[in-house]
Each structure stands twice: as structure tokens, then as C-alpha cells.
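>>> Turn this into a model:
(chains A and B)
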2 protein chains.
Amino acid sequence: MERKTTLKELAKILNVSISTVSKALNDSSEINPDTKARVKEVALANNYVPNELAQSLKGKKTKTLGVIIPEVLSQFFAKSLHGIETMASSLGYKIIICISNESVQKETESLNILVNTNVDGIIMSLARETQATESYDHFKKVFDYGIPIVLFDRVSDTLVCDKITVNDREITHKAAMELHNSGCKNIIYLSTIYDTSVDKQRQIGYTSAMKELRSKPEILHIKDYTYFEENLLKVLKKSNVDGIVAADELSAISAMKTALNHGYRIPEDLSVIGFTNGVLGENFIPSLTTVEQYAEEQGRTAVELIIGRIQKTIAAEPVHRIIKTSILHRNSTRQSLALQK
Amino acid sequence: MERKTTLKELAKILNVSISTVSKALNDSSEINPDTKARVKEVALANNYVPNELAQSLKGKKTKTLGVIIPEVLSQFFAKSLHGIETMASSLGYKIIICISNESVQKETESLNILVNTNVDGIIMSLARETQATESYDHFKKVFDYGIPIVLFDRVSDTLVCDKITVNDREITHKAAMELHNSGCKNIIYLSTIYDTSVDKQRQIGYTSAMKELRSKPEILHIKDYTYFEENLLKVLKKSNVDGIVAADELSAISAMKTALNHGYRIPEDLSVIGFTNGVLGENFIPSLTTVEQYAEEQGRTAVELIIGRIQKTIAAEPVHRIIKTSILHRNSTRQSLALQK
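Next up, the predicted model:
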């Protein structure tokens, strides 16, 4: 953390009395508006972070929201960003976006930029490294300043703030059970988003379904797409896999492509359920049966929450909004046996 | 445009003499550093935009680049953003991103945010509405402040700044000729990115190929995906279409999907060439023959250019970098007849 400036140091920098600084930061009527503005500016520029400053800044809304996403290439984050953007815009808020690129250092830099930009609130999904190493020190400054945060998708119990997630465990359990009910005997869990909170929740859901079915869970984490085909094929053959629950869209499509290239028929020989309702799964042939995560709705809900928090129209207690997902049935899976003739 | 503040007004706000303001903005040694900082801050906050201020700010680099993209859902912009992000990061620059959502008003707001955030430079691709209405007044403030801009993909002759484009005309001409050489007789140009500079260039390239082939050009602009299938099928049947040059990735994939759903074989009955090397075209079956626009390279080049401009390591004359694209041959087209047995 950067060292905080004291009231005394601020007074020295500004060449005024400590009392003037204090009164200016508390919006005292004894101080003229120009001096107040000057004191607040210099206080901000010098990393002065007292409660008074947070309070004095409360009236000075920028109507700008900061957004931090871990990466831009996934449809899930692109769609949630789209939801954030359109909702913020319709409510008269601007947004500025930073990308953490899955790194703690870049997430730290991003938070600093957003604090310095004087955003009214921050909407973010945590970087993989932040979740893997459980590093949360870099959030202190944001909390010190009293800037509200809403976390979505990738969240943490360590951070006390508003959160939006989906019913990951429940829906992954359901996805595995549906594969079983359609006749699949050997169902694996496939993921390229290892080390994230959502991956962990989905694994738990899958594992609990396997337990219920008295099947041995098999979890395949592929860390590098270069070896995707090779790694997947090995497991498909070894375990006679006929069902895959994939934790994200691209790994589901890549699995289907690999299987099709090696003579598997989909869904007859291999059924696949993925996550995210994106253009990739929608347009692939066969189209992907997938967990509709309502990415845009998550984005819109995040905006509603953060604005409620900024405008104090919601209760002080942190809110955890859980969005109920559903399975979007398309052509990569068979009907349930109960429904088949 | 917002009204500019005068030196006299600044002096009044700061409660100092005009001479002090002027000297402070010119970094005179007669003025103490704290006063200078204060004067500069207040000048910026009050929209004071003289050459002196621009000069006085030159030393105060933030090592932050602003980026404005028209939308987030296309693979082209996601990939170029990825290129910008990784290159900026490797050179020690942070980026903040705004989305114009194809609107002049949001582009204006975004530019204002970036100027107020004190970015060292701006990388952007123009909003459709900006290009359609030729509205460029909102750039004045950025030029007044002397903040360098690099435009990529969607550019304008009206704005005098560094630019990055691809050889759109030439490559679209080539794409149409390749379809012809592979046996296509009735080749149309399909686009959903109407009103953009890149669409215009690609149309010109296509039309020139049709002229060379003495074929009547047929241009199909579809403005709303809701009516995509209906609109496309009408033209496919009416004109016996057997070749499509599509101006972007999603329209190429949607065209293939529509055709496959209606009994066309690809590439035997209908060949398709699209733009952008994204996950959609790569994973669709048949995979899409496409113009590799080197989106990430465009992003990286934009960062190199803007940093060269910021650090004054490139000549004063604006640079127009044209990236040579190539056609990535995959399974949605046939071999050239000359190569077929």
C-alpha cells in the first residue's frame, strides 16, 4: 500500500492551516468553494484517505462506473460487458473498462486507475491469479475510499461487498444427471478455466452427481489449448467417455470438434453440455446444448446493484444475488431416455 | 464544445495574479512546485486549453493509454483489444477502455473521459454513426490538448493523425477473383457492417472485380439479424448465387448456416469467403475461408505507433500504416480450377 498523507502534510502542501484543510474536507460553510475544491483535489492527488474525504467526495459524483474483467476473448465476458454497457448507458452512467488479464498486478493497477479516475463504483470479476493465490490486499484502497464494488461471476468470500453469481453447483449437477438420463455411462468434467471460483463450484456439482450415480468422477483440466486434442483423446479412449460436461463454451466446442474429427458421432457416441450461450455454440453444427448463464442479465443486474449502492437506495447489508440458470437444449445431446420412444 | 476558461478567470478562481498563473503553466522557476501543481490542476479542471498548458503537461506522463472501440461482441475488436492490451502491458503502459456502442454521443463522452483521465494517447476505431454522419467536432478537444490519436480499422480522412488499416480493396478484389477462379459464376457481396469505412472499401474491391469479370455486382446489406435468413435466401434463389464474399465473420457463418439448413452443399453449391480469423470461423464445420486481418497485430502496431508519437521517436508527419492481409484457405471454398485435376 502507498503511504497515506496526513492532514498536517496536506496543510503544508497547500500553505494553509490544518483547520482550513479539515473544514474544507468537511464542506464547512466557513470555507469558500474554490478553496474547498482545491483542498479536495490536492488531498486526492496526495493519496489522503480519511473518512472525511470519502464523505466530502460523496457529493461529487462523476456518474462513471469502473469495470474490470479478466479477459476479452470469451463470449461470457463480452456479453456481460455488453449488458453492463447498455444498462449503464440507459441509466445515464458512463463506464470505463480495464482488463486484468488474469493477473494480480494488472488488477491492482486497474483498481488504482479507477480510484484515481474517481469512479462512483466498480463492477468486476476477479482475475484467476487473485483467486488462485487468494491475494486481496490490493482492494484495501478501494474500501478505504468507500467506493462500492459489485463482484460478478468470479467472486470471493474474503471481500465484503455485493455479489452476483449463478447457481453453478446445482446446474452442473443437473447437467451431469441429464447426460446420465439420456443414456451416458461415462461422463467426465472438462475445464480450461482451472483455479477460478466458478470452476470449483461446477466441479462440486459434477462430483455430487457422480456420487449420487455411484460413478467415479473424472475431472480433466487442460491448461493449454496446444495440447487440447491430444489430452482429450487420451481420456476419451481410456475411459470410454460418452458424456462431457464442459465448464466453458470454447472447451465444449473444441471437444466436439476433436471428437467429430476422430469419427465420433454427436450426440449418438458422445454427448456434450457446455456453459455460456454464445455465437460459437449457437452456430456450431451440431449446435451446443449449454447452460444459459444470462451473461447480459448478470451485467445489467450488476449495474442496478452498484447504482443502488451509490445512491443508497438499497439496505446497508451486502447483497448476494444468485441468478438461476437453465439448460438450453440443442443438438449436442440426446433426449432423456424417459422421453424417448 | 465547452467554453474555454481564460487566464484571467483562472487567476480569479485561484486567487493569484494572472502572471502567476501564466508562469506556473510555463513551469517558471519563480513559482514554487506546489503552486504550479495547484494551478495546473485547477486549469485542467476548468477546461483551460492553451498551448502552454499542453506544454506544461508534457512532462506529466501517466503511462496510460485510452482505447475506444465501437463494440465488444465482434471477434475482430476483441482480438485487436487483446493485441493492444498485451503490447501496452509489455511496454509498461496501462490501458483504459471505453465502448462507443456505434454512437457519436457515446464516442464524445468517451473522449471526454479519456482527456479528463489524462491519458498519454488514444487508440480508437470510429463509431458507425460517426462515419455515417461525418461528425468530427468532438475530436477538437483532444487535438487542442495535443493528445496523440491513432485510428485503426475504421478511420477517416478528416482526422489528421496516425492510422492503421488493411489493404481492404485489394484483398476483397482478390477474394472475389478467387471465387471466380474456383468456378463460381454468381458472386455476391454480403455485409452487416454497412456505413463503415471498411465496408465501403470492401465494396469497391468487390465491385472492381465484378467489373473486371464483366459481371453485374450484387450487394446485399442486411441491417438486422432477425431477417437475415429470409433476406439472404431470397437473394440466393433469385440470383442463383454460388459465391459469397462476406464483409465480416458472423455474417459469413450465418450465411453458411442458412445455406446448409436449406440443402446447399458447401463448397460444392455455394462457396463463402469471410473476414476475420476468429474462433467462430475456425471451429465451424466446414471451417471458413477468410481474410486474415491480423487483428492482434493491428492492436500491437497501434500501441507501437502511439508510444512512438508520445515519446516523439517518430517523424512529425502522420503515419498511415497499411497491413497486408492474406486469404486463409479452409473448407468453405474450392481450389482454384487451374489447380483442380
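>>> how about the residues of the stretch 201-341 of chain A near chain B?
A:250, A:253-254, A:257, A:260, A:279-280, A:283-285 (C-beta under 8 Å from any C-beta of the partner chain). Just so you know, the C-beta spots here come from the backbone N, C-alpha and C atoms, and that holds for glycine as well.
>>> Bridged to residue A:190, which residues?
Taking DSSP bridges as the rule, residue A:190 bridges to residue A:220, residue A:246.
>>> From residue A:261, how far out is it?
Using C-beta to C-beta, to the nearest Å, residue A:190 is found at 16 Å from residue A:261.
>>> who's more crowded, those two?
Remark: of residue A:190 and residue A:261, residue A:190 carries more neighbours, 26 against 11, as counted by other C-beta atoms under 10 Å in any protein chain shown.
>>> The nearest residue to residue A:69 once chain neighbours are set aside in helix, strand or coil?
Spatial nearest neighbour of residue A:69, excluding adjacent residues (C-beta to C-beta, 6 or more residues apart in numbering or on different chains): residue A:77 at 4.7 Å. Following DSSP: H, G, I helix; E, B strand; the rest coil, we place residue A:77 in the helix state.
>>> Report pLDDT for residue A:77.
As predicted, residue A:77 sits at a pLDDT of 95.
>>> State the distance from it to residue A:185.
For residue A:77 relative to residue A:185 (C-beta to C-beta), the value is 35 Å.
>>> In terms of packing, which of the two has more residues around it?
residue A:77 (23 against 12).
>>> so who does that one touch?
By C-beta atoms under 8 Å, 6 or more residues apart in numbering or on different chains, the contact set of residue A:77 is A:69-71, A:125, A:295.
>>> Against residue A:249, how distant is it?
11 Å.
>>> Kindly report the same for residue A:294.
For residue A:294, the distance to residue A:249 - C-beta to C-beta - is 14 Å.
>>> Which of those two has more residues huddled nearby?
residue A:249 (26 against 19).
>>> Hmm, that one is touching residue A:74, no?
Yes. If you go by C-beta atoms under 8 Å, residue A:249 and residue A:74 touch, sitting 7.3 Å apart.
>>> Pull up the overlap in contacts between the two.
residue A:276.
>>> Give the closest residue to the residue in chain A that chain B sits nearest to in space, chain neighbours not counted.
For chain A and chain B, the shortest gap (C-beta to the nearest C-beta) falls at residue A:97, measuring 4.1 Å. On the basis of C-beta to C-beta, 6+ apart, the spatially nearest residue to residue A:97 that is not a chain neighbour turns out to be residue B:97, at 4.1 Å.
>>> Check residue A:249 too.
Counting by C-beta to C-beta, 6+ apart, the residue nearest residue A:249 is residue A:276, at 4.1 Å.
>>> for the stretch 51-200 of chain A, what are the low-confidence residue spans?
For the stretch 51-200 of chain A, the stretches flagged by pLDDT under 70 are A:51-60.
>>> Quick check: residues of it near chain B?
Near chain B, when you scan the stretch 51-200 of chain A using C-beta under 8 Å from any C-beta, you find A:64, A:71-73, A:78-79, A:81-82, A:85-86, A:89, A:94-99, A:101, A:106, A:109-110, A:113, A:116-117.
>>> Mind checking which of the residues you listed land in helices?
Residues from these lying in helices, with DSSP state H as the criterion: A:78-79, A:81-82, A:85-86, A:89, A:106, A:109-110, A:113, A:116.
>>> export those to TSV and tack on neighbour count?
Output for these, formatted as TSV (neighbours: other C-beta atoms under 10 Å in any protein chain shown):
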residue	neighbour count
A:78	25
A:79	23
A:81	26
A:82	19
A:85	27
A:86	16
A:89	18
A:106	21
A:109	19
A:110	28
A:113	21
A:116	16
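>>> what two of those are the furthest from one another?
A:79 and A:116 (28.6 Å; C-beta to C-beta).
>>> Not including adjacent chain positions, what is the nearest residue to residue A:91?
residue A:307 (6.1 Å).
>>> element containing the one you found, please.
Per DSSP states H and E: residue A:307 is located in helix A:295-310.
>>> and residue A:40, backbone torsions?
phi -60, psi -40 (degrees, to the nearest 10).
>>> what's the spacing between it and residue B:42?
Residue A:40 is 11 Å from residue B:42, by C-beta to C-beta.
>>> Report the set of residues contacting both of the two.
Common neighbours of residue A:40 and residue B:42 (C-beta under 8 Å, 6+ apart) do not exist.
>>> neighbours around the residue nearest to residue A:160 when sequence neighbours are not counted, how many?
Nearest residue to residue A:160 in three dimensions, chain neighbours excluded: residue A:318, at 5.9 Å (C-beta to C-beta, 6+ apart). When neighbours are defined as other C-beta under 10 Å, residue A:318 has 16 of them.
>>> Check for me that residue A:184 belongs to a strand.
No. Counting by three-state DSSP, residue A:184 is not part of a strand but coil.
>>> can you give me how far whichever helix or strand comes after the helix holding residue A:307 is from the chain middle?
Moving toward the C-terminus from helix A:295-310, the next helix or strand (DSSP H and E) is strand A:320-323. Distance of strand A:320-323 from its chain centroid, counting by C-alpha atoms, centre = their mean, to the nearest Å, is 13 Å.
>>> immediately after strand A:320-323, which helix or strand?
Once the chain leaves strand A:320-323, the next helix or strand it forms, by DSSP H and E, is strand A:326-328.
>>> Mean confidence (pLDDT) on that next one, please.
In the prediction, strand A:326-328 has an average pLDDT of 97.
>>> Residue A:190 against residue A:248, yeah?
No. With contact defined as C-beta under 8 Å, residue A:190 does not reach residue A:248; the gap is 9.1 Å.
>>> follow-up on the earlier one: burial of the residue nearest to residue A:97, as a residue count?
25.
>>> so who does it touch?
A:96-99, B:66-69, B:81.
>>> Which secondary structure element is home to the residue nearest to residue A:30 when sequence neighbours are not counted?
Counting by C-beta to C-beta, 6+ apart, residue A:30 lies nearest to residue A:23, which is 5.7 Å off, once chain neighbours are set aside. Assigned by DSSP H and E, residue A:23 belongs to helix A:18-25.
>>> buried ones in that helix?
Buried positions in helix A:18-25, judged by neighbour count with 16 or more other C-beta atoms under 10 Å in any protein chain shown: A:20-25.
>>> Need those residues in CSV (columns: distance to residue B:163).
Converted to CSV, those look like this (distance: C-beta to C-beta, whole Å):
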residue, distance to residue B:163
A:20, 51
A:21, 48
A:22, 52
A:23, 52
A:24, 46
A:25, 46
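>>> could you dump these to JSON lines with pLDDT?
As requested, the buried residues of helix A:18-25 are exported to JSON lines (pLDDT from 0 to 100):
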{"residue": "A:20", "pLDDT": "87"}
{"residue": "A:21", "pLDDT": "85"}
{"residue": "A:22", "pLDDT": "81"}
{"residue": "A:23", "pLDDT": "81"}
{"residue": "A:24", "pLDDT": "83"}
{"residue": "A:25", "pLDDT": "78"}
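>>> Make a PyMOL selection of the buried ones in the contacts of residue A:77.
Per 16+ other C-beta under 10 Å, the buried members of the contacts of residue A:77 correspond to this PyMOL selection:
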select buried, chain A and resi 69+70+71+125+295
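>>> Tell me which of the contacts of residue A:77 fall in strands.
residue A:69 (DSSP state E).
>>> for the contacts of residue A:77, which one is nearest residue A:136?
residue A:125 (14.5 Å).
>>> quick one: contacts for the closest one?
A:68-70, A:77, A:80, A:151-154.
>>> Closest one of these to residue B:208?
Taking the contacts of residue A:125 together and measuring to residue B:208 by C-beta to C-beta, the closest member is residue A:77, at 39.5 Å.
>>> Tell me how far the residue nearest to residue A:30 lies from residue A:29.
9 Å.
>>> And residue A:166, by the same measure?
Taken as C-beta to C-beta, the span from residue A:166 to residue A:29 is 49 Å.
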